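> Quick one, fold the following:
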Amino acid sequence: MGVFKYSPVDFLFICLGLVFLLLDIALDIYAVVSFYQEKDYANLGILLLLLLGSSVLVQAFSWLWYSYEDFQRQTKVEKCLSQCQLKFLHVLQLGIYFRHAGVVEISLCSSYSQIQDPEGFAVYLSHDLSMLRLIETFSESAPQLVLMLTIILQRGELDPVTVLKALGSASAIAFSVTMYHRSLRSFLPDKEKQQIISSLVYFLWNLLLISSRLAALALFASVLPCFIFAHFFCSWMFLFFCVWRSKTDFMESLCGEWLYRATVGLIWYFDWFNVVEGKTRYRTLLYHAYMLVDISLLCGLWCWKMSTEPPYFEIPPLYAVIIAVSVVAVYIIGLFFKMIYYKCYHPNLAREELKGEVTQQGQGPTRIYAWSGDETDFPMSQASNGVPDVQTDSYCESIELREDIDIDVHDRSGPSAPASDTKRCNKRMRKLAENFYS
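Residues are numbered from 1 along each chain as shown. Below you'll find the predicted structure:
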């Protein structure tokens, strides 16, 4: 079985992610201050609701994932805080920055460490981070982009604040989608590795589909601002019901699973997201058919309102029709590129072919090393060996303990095949990889 690789490109993505995150915070503060100075309290309230709601959602997932791993922390940045301090950090909405710092630390240390193959732990941490950024993208950046586009349409002018926030939100969406795809690629066997062009095509069709969806929502909200909330609530309830019927199994607690299903319903409001393993062709077709009809209705209503009751600025009916048709056409083009991706670049694999579990066949019974959470399980080679399960406190210690146990087993049971490399596996992201590649 192949091993995880943490390339300089991955480290660059982590650093860029932190830069974009800090830049987005600065733009958020700038937008809040600008709305307050302009006494635009309605948009200010919506922006604050999006910021606080998204932050609480992301911190909740981060805290739950720490709790599932018994709050075991491996990096020096994480170990500097106790469990209570870690909880307080999440209450202050700073947990995701804490994770960023841990990933940067372990990534830098892996460049100088003498331990064989230290990259697996950096990949493990970056997987959780990519999922958290994806959740933040569709709970904050995507709605913010709709808000900023709506303001631009209503005012009929390019205000610097709204333009900067729109560009910042668009950049965050594009970056998060690409980072998520790279995380999924790390579970592919070496012989099935996807080239960089696959990420480009993946990014392109997501950009087209998401852009069309956000543009349709912004057009609709610019003429019927009150009805956009009713549209979101009704759509989210329907999508949440569909997620529930899919019987997802992502989190390790009942409350966490319901939170995940509600979050997937939110993501589906903007873009498709695989949540169950197996063939999802018909579900995907139904979803995109629903989205295409919804986008067409939203654009049609905007076009009708612009031709009968222009709210703030005049647009010739012909131009309104061209804009509405173009938004729908962009979504159809995105579907075309998505078909190209799945036809030419997407590997279809069984779950056993994905990385995340290393099986060694030696003399005697099979020995399996499975990395899950913060525990490393060492099944007994023979019942008489008496080798106990070992729970490690750090990645380096786990490597040393594994070597000691392998030596002990070899001494008692005779020669056997060399132990294969074992990698820490993020079982949450592996489930997503199974959903995406199977």
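
> Report the rounded mean pLDDT for the host helix or strand of His127.
In the assignment (DSSP states H and E), His127 maps to helix 119-136. The pLDDT scores in helix 119-136 average 77.

> CA atoms of it as PDB?
Coordinates of each C-alpha in helix 119-136 appear next as PDB, following Å, rounded to 0.1, in the frame of the first residue of the first chain:
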ATOM      1  CA  GLU A 119       4.700  13.400   6.900                       C
ATOM      2  CA  GLY A 120       1.700  11.300   7.800                       C
ATOM      3  CA  PHE A 121       0.900  13.300  10.900                       C
ATOM      4  CA  ALA A 122       1.000  16.600   9.000                       C
ATOM      5  CA  VAL A 123      -1.400  15.200   6.400                       C
ATOM      6  CA  TYR A 124      -3.600  14.000   9.300                       C
ATOM      7  CA  LEU A 125      -3.900  17.400  10.800                       C
ATOM      8  CA  SER A 126      -4.300  19.200   7.400                       C
ATOM      9  CA  HIS A 127      -7.300  16.900   6.600                       C
ATOM     10  CA  ASP A 128      -9.300  18.200   9.500                       C
ATOM     11  CA  LEU A 129      -8.300  21.700   8.600                       C
ATOM     12  CA  SER A 130      -9.400  21.400   5.000                       C
ATOM     13  CA  MET A 131     -12.800  20.100   6.100                       C
ATOM     14  CA  LEU A 132     -13.300  22.900   8.600                       C
ATOM     15  CA  ARG A 133     -12.400  25.500   5.900                       C
ATOM     16  CA  LEU A 134     -14.900  23.900   3.600                       C
ATOM     17  CA  ILE A 135     -17.600  24.300   6.200                       C
ATOM     18  CA  GLU A 136     -16.600  27.900   6.800                       C
END
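
> Now do that helix: distance to the chain's middle.
When distances are taken as Cα atoms, centre = their mean, to the nearest Å, helix 119-136 is centred 8 Å away from the chain's centroid.

> again with stretch 332-345
When distances are taken as Cα atoms, centre = their mean, stretch 332-345 is centred 21 Å away from the chain's centroid.

> buried sites along that stretch?
Along stretch 332-345, these residues count as buried under the neighbour rule (16 or more other Cβ atoms under 10 Å): Gly334, Leu335, Phe337, Lys338, Tyr341. Where C-beta positions appear, they are placed from N, C-alpha and C, glycine not excepted.

> same check, this time on stretch 160-169
Val161, Thr162, Leu164, Lys165, Ala166, Gly168, Ser169.

> rewinding a little: would you format the buried residues of stretch 332-345 as a markdown table with distance to Ala433 included?
Conversion of the buried residues of stretch 332-345 to a markdown table gives the following (distance: Cβ to Cβ, whole Å):
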| residue | distance to Ala433 |
| --- | --- |
| Gly334 | 23 |
| Leu335 | 23 |
| Phe337 | 22 |
| Lys338 | 18 |
| Tyr341 | 16 |
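
> among these, which are in helices?
Within the buried residues of stretch 332-345, residues falling in helices by DSSP state H are Gly334, Leu335, Phe337, Lys338, Tyr341.

> Identify, from those residues, the entry nearest to Ile25.
When these are ranked by distance to Ile25 (Cβ to Cβ), Gly334 comes first, at 29.8 Å.

> how many degrees apart are the lengthiest helix in the chain and helix 119-136 in direction?
Ordering each helix of the chain by length in residues (DSSP H) puts helix 8-37 first. Between the axis of helix 8-37 and that of helix 119-136 there is an angle of 30 degrees, by axes from the mean of the first three to the mean of the last three Cα atoms, to 10 degrees.

> Tell me what angle the helix or strand that helix 8-37 is followed by forms with helix 119-136.
Proceeding C-terminally, helix 8-37 gives way to helix 41-68 as the next helix or strand, assigned by DSSP H and E. Per the same axes, to 10 degrees, the angle that helix 41-68 makes with helix 119-136 is 150 degrees.

> Which of the residues in helix 41-68 are classified as buried?
Judged by neighbour count (16+ other Cβ under 10 Å), helix 41-68 contains these buried residues: 43-44, 46-47, 50-51, 54-55, 57-66, 68.

> And it, how far out from the chain middle?
Distance of helix 41-68 from its chain centroid, counting by Cα atoms, centre = their mean, is 15 Å.

> cool, and stretch 57-76?
Relative to where its chain is centred, stretch 57-76 has its mean C-alpha point 16 Å off (Cα atoms, centre = their mean).

> Now do it: distance from first to last residue.
Terminal residues of stretch 57-76 lie 26 Å apart, using Cα to Cα, to the nearest Å.

> Please apply the same query to stretch 127-146.
Terminal residues of stretch 127-146 lie 28 Å apart, using Cα to Cα.

> Which residue comes closest to Leu207 once chain neighbours are left out?
Ala174 (6.2 Å; Cβ to Cβ, 6 or more residues apart in numbering).

> whoops, Thr248 was the one
The shortest distance from Thr248 to any non-neighbouring residue, by Cβ to Cβ, 6+ apart, is to Val275 (5.0 Å).

> Okay, now the unreliable bits of the stretch 51-200 of the chain?
72-74, 107-123, 189-195 (pLDDT under 70).

> change it to 90
Counting by pLDDT under 90, the ranges of the stretch 51-200 of the chain that qualify are 62-63, 65-134, 136-137, 141, 145, 148, 151-200.

> the strands in it, which residues?
Secondary structure of the stretch 51-200 of the chain, counting by DSSP state E, counting those that start in this stretch: no strands present.

> in it, which spans are helices?
Counting by DSSP state H, counting those that start in this stretch, the stretch 51-200 of the chain has helices at residues 76-79, 83-91, 95-110, 119-136, 142-155, 160-185, 196-223.

> deepest of these, which one?
Taking mean count of other Cβ atoms under 10 Å as the contact definition, the stretch among these with the greatest mean neighbour count is helix 119-136, which reaches a mean of 24.
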